[in-house]
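Here is the input, now give the coordinates:
(2 chains)
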Protein chains: 2
Amino acid sequence: MTITQAPTTSGTSSTGPDLGRATHLSCRECGAVVPLGPHYACLECFGPLEVTYDFGTITRERIESGPRSIWRYRDLLPVPEHVATIPNTDPGLTPLVRADNLARELGLKSLWVKNDAANPTHSFKDRVVAVALAAARELGFKVLACPSTGNLANAVAAAAARAGIRSYVFIPSDLEQQKITTSAVYGTTLVAVQGNYDDVNRLASELAGEHDDWAFVNVNVRPYYAEGSKTLAYETSEQLGWRVPPQVVIPIASGSQLTKVDKAFHELLRLGLVDGDGPAIFGAQAAGCSPVAAAYKDGHEVVRPVRPDTIAKSLAIGNPADGPYVLDVVRRTGGAVEDVTDDEVVEGIRLLARTEGIFAETAGGVTVAVLAKLLREGLLDPGAETVVFNTGEGLKTLDAVAPVVGPTGTIAPSTEAFHDLVQN
Amino acid sequence: MTITQAPTTSGTSSTGPDLGRATHLSCRECGAVVPLGPHYACLECFGPLEVTYDFGTITRERIESGPRSIWRYRDLLPVPEHVATIPNTDPGLTPLVRADNLARELGLKSLWVKNDAANPTHSFKDRVVAVALAAARELGFKVLACPSTGNLANAVAAAAARAGIRSYVFIPSDLEQQKITTSAVYGTTLVAVQGNYDDVNRLASELAGEHDDWAFVNVNVRPYYAEGSKTLAYETSEQLGWRVPPQVVIPIASGSQLTKVDKAFHELLRLGLVDGDGPAIFGAQAAGCSPVAAAYKDGHEVVRPVRPDTIAKSLAIGNPADGPYVLDVVRRTGGAVEDVTDDEVVEGIRLLARTEGIFAETAGGVTVAVLAKLLREGLLDPGAETVVFNTGEGLKTLDAVAPVVGPTGTIAPSTEAFHDLVQN
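Numbers count the residues shown, from 1 in each chain, chains lettered A, B, ... in the order given. Below is the predicted model:
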């Protein structure tokens, strides 16, 4: 393990980027320290870099008096103090919905749904993109870009439009028309690449190397981008009246969101903003792409890549970068990782819609179905307050439920025909 | 004109419904007074009934300390004081987005977009349905229902699911699969009726007559339902720092929203919650269904029904019930009614998405395109602060833009191919 000298390019420097209370990047593998900058891999061991802070004092009052968006937590993010004054999509502070009907149906004492479908482009990606954009401006980037197959593409294209900067979104050329439309409408330069997502990703990495002033949100500014997921935990705690819920169920794609939510709860505890312990954190995957669940169940510390085959496309990362860290978090906190079949995913979507009037995308169906499965298996305490994350909007994955929901019946336009149908 | 005696079933009665500060219904045509109850047409002249209040004193402080939803305005709505404690979708307080990019492009000094795509089912219908449901409970109804072809069906099905009550949604049997899915998923009894929307509507009215305890939100509890639109004006004023914007552009379907927004601004003025004058109110229609625009331009006081033919389906009401009242409001306030072609609607959607990162449904495209047209024609003052309403979400009307937006290009997965495409 090599510890390099603490960087001079801190947030307080007059010449460096103003990234608030962030002080440097540190390697999650070897602990090496790197100055704040457009870095994403450790120069010593190629491990992933993470933003480190010197928070000082942060009070509930200061947060509560802030903007009604993720920017109320700006002191906890790698963004400048004045971030909310720069045009952006102002994501966050999405509803934490008390889910008594669903709790009753599942035999849970107390359940909440953190509903990120309420974000500007209707997924949690608006959070991470907003933080990436704010940091990227400070780091001197001029263009926003990403490889993506869905939610991220929407979020990047919309955020760039609102910020008035150029964007490039790279997608596989065989993507469904619907997903093309929802990004193209924002006027981004949408580049369809002949190949699969891995090919698109590789091209993005090559172009990031060529263009010094292009911020590929999930590539060369990934350490800043990933910090955006912390706001899910901050909001959940504040919305619960500055409490940490005992149990949280979170979907796993790369695993970044789950690990950042764990990090955020512990930041709140360390800062004295909440009392008690961190939550037990549970991970949710679709059986058609469940490398982390498989490793968890087998007691492994590494994650063996798989080839995804599931309707939960937004979670279909076969080689999740943060998989090993997810295993650490889940085991440390007393959680678990579980997976569900595509049929269960669809039933999860329908269950949440029928009981709470919330229409989730497939990732939300995964999370609700895993919640139900964990309860059946006795892995989750039905007597402990639980929060599940719905990270996206059902309107984006209509194809998942279209085959199984439809009219109760079709009738002639008469009251008699109606009575025949419903027998009342 | 007949004035019947003031009702005894007021909000303060111990036996009547608790509808807050609402006191009675009054006929908009003849002024006749009817007790609060499940009435929607005047017994004297068959004119439409409207909720009347005795507001007493209402302060900014009381509103500002209320829930972060439409229920902060509960004193101004026909709902009980404790309305926010009953499970509902908690719509409202949607973002008022400062639209500097769009303003610059159109040559406007100051522009805001009130973005109702942020509501729970992503249209303004969540507002009116929530108020209808709250009033319907107090009036003794047990079931929620509606005839609809889209946004209203989504809102009713979701609201009933969340409230834990039974619902019936009636749709034309030839509705697009996508619109069927987005309502059916909530577990409503979805009845496909062989016929057009008029047939569906007629059947709904017949069933409302048969079932004393079924609240068809837009039929037999329409006076209460319609009041929900007032919250758009309350929120806009509060979000502007308790100011009335000089100019507002509003889409017209039945015309109810526009007339209620006018009513609401004047309530705020009368209560001393804002200073100054009411805004000039402008109405927006699609050329394929523009009976109100036609009457406005021809100087008529009545509206001649048309057969709708436009991509803006959520505005396609050929015989708008509130058409004459819209003409009154627009003429009284110094506004206008304008219409735009379907091509302009699509351009309006793209313009808003490209400049502000907001993806509107076709109704929002109509409003933005009408704003642009009013400016070109000199009918709207470019130097006066303006608010436009986006009443719904682009994900619900993808077909409108799908034919005209797409990838910038398709390339092989190489940096050379990318450079050839973008010439950089």
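
can you map out the helices along the stretch 101-250 of chain A?
Along the stretch 101-250 of chain A, counting by DSSP state H, counting those that start in this stretch, helices occupy A:125-138, A:151-163, A:177-184, A:197-210, A:222-227, A:230-239.

counting contacts, what elements does the fourth one pack onto?
The contact analysis (3 or more CB pairs under 8 Å, 6 or more residues apart in numbering or on different chains; DSSP states H and E) places helix A:197-210 against strand A:143-147, strand A:167-172, strand A:189-193, strand A:214-216, helix B:415-422. For glycine as for every other residue, the C-beta is placed from the backbone atoms N, C-alpha and C.

so what strands line up beside the shortest one?
This means strand A:214-216. strand A:143-147 (parallel) (DSSP bridges).

how distant is the strand it pairs with from the center of its chain?
Computed by CA atoms, centre = their mean, to the nearest Å, the chain-centroid distance of strand A:143-147 equals 17 Å.

just stretch A:209-217 next, same as before
Distance of stretch A:209-217 from the chain centroid (CA atoms, centre = their mean) equals 22 Å.

Provide the contact partners of stretch A:369-377 at residue level.
Stretch A:369-377 has contacts (CB atoms under 8 Å, 6 or more residues apart in numbering or on different chains) with A:106-108, A:249, A:282, A:284-285, A:336, A:338-340, A:344-345, A:347-348, A:351, A:380, A:382, A:386, A:388.

just checking, which of these belong to helices?
Among these, the members falling in helices (DSSP state H) are A:Leu106, A:Glu344, A:Val345, A:Glu347, A:Gly348, A:Leu351.

Pick out whichever of those residues sits closest to chain B.
A:Leu351 (9.2 Å; CB to the nearest CB).

The closest one and B:Val306, how far apart?
Distance, A:Leu351 to B:Val306, by CB to CB, to the nearest Å: 43 Å.

hang on, the earlier thing: which among the contacts of stretch A:369-377 count as buried?
A:106, A:108, A:249, A:282, A:284-285, A:336, A:338-340, A:344-345, A:347-348, A:351, A:380, A:382, A:386, A:388 (16 or more other CB atoms under 10 Å in any protein chain shown).

what are the ranges of the strands in chain A?
Counting by DSSP state E, chain A has these strands, from start to end: A:22-27, A:33-34, A:49-53, A:96-98, A:111-115, A:143-147, A:167-172, A:189-193, A:214-216, A:247-251, A:280-286, A:337-340, A:386-390, A:409-411.

The longest one: how far from the chain's middle?
Same thing as strand A:280-286. Computed by CA atoms, centre = their mean, the separation of strand A:280-286 from the middle of its chain amounts to 13 Å.

likewise the fifth one?
A distance of 15 Å separates the centroid of the chain from that of strand A:111-115, by CA atoms, centre = their mean.

and what of stretch A:248-262?
Relative to the mean C-alpha coordinate of its chain, stretch A:248-262 is positioned 7 Å out (CA atoms, centre = their mean).

contacting residues for A:Ala155?
Applying CB under 8 Å, 6+ apart, the residues contacting A:Ala155 are A:Thr89, A:Pro120, A:Thr121, A:Ser123, A:Lys125, A:Asp126, A:Val128, A:Val129.

ok, and which of the residues you listed reach chain B?
Restricting the contacts of A:Ala155 to those touching chain B (CB under 8 Å from any CB of the partner chain) yields A:Thr89, A:Pro120, A:Thr121.

Nearest to A:Glu44, out of those: which one, please.
A:Thr89 (36.2 Å; CB to CB).

related to what we said a few turns ago, redo the helices of the stretch 101-250 of chain A as CSV? Include mean pLDDT.
Converted to CSV, these look like this (pLDDT from 0 to 100):
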stretch, mean pLDDT
helix A:125-138, 98
helix A:151-163, 98
helix A:177-184, 92
helix A:197-210, 92
helix A:222-227, 98
helix A:230-239, 98
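
Next, format those helices as a markdown table and append distance to B:Glu210.
Output for the helices of the stretch 101-250 of chain A, formatted as a markdown table (distance: least, CB to CB, whole Å):
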| stretch | distance to B:Glu210 |
| --- | --- |
| helix A:125-138 | 46 |
| helix A:151-163 | 45 |
| helix A:177-184 | 40 |
| helix A:197-210 | 55 |
| helix A:222-227 | 57 |
| helix A:230-239 | 44 |
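
Could you chop chain A up by domain?
Annotated domains of chain A cover A:96-122+A:226-401, A:140-220 [automatic domain parsing].

Need the distance between the two termini of the longest one.
The first and final residues of domain A:96-122+A:226-401 sit 24 Å from each other (CA to CA, to the nearest Å).

what's the distance between that domain and the middle of its chain?
Worked out by CA atoms, centre = their mean, domain A:96-122+A:226-401 lies 10 Å from the chain centre.

How about stretch A:114-124?
The answer for stretch A:114-124 is 10 Å, by CA atoms, centre = their mean.

circling back: now, among the ones next to chain B among the contacts of A:Ala155, which is nearest to chain B?
Taking the ones next to chain B among the contacts of A:Ala155 together and measuring to chain B by CB to the nearest CB, the closest member is A:Thr89, at 5.7 Å.
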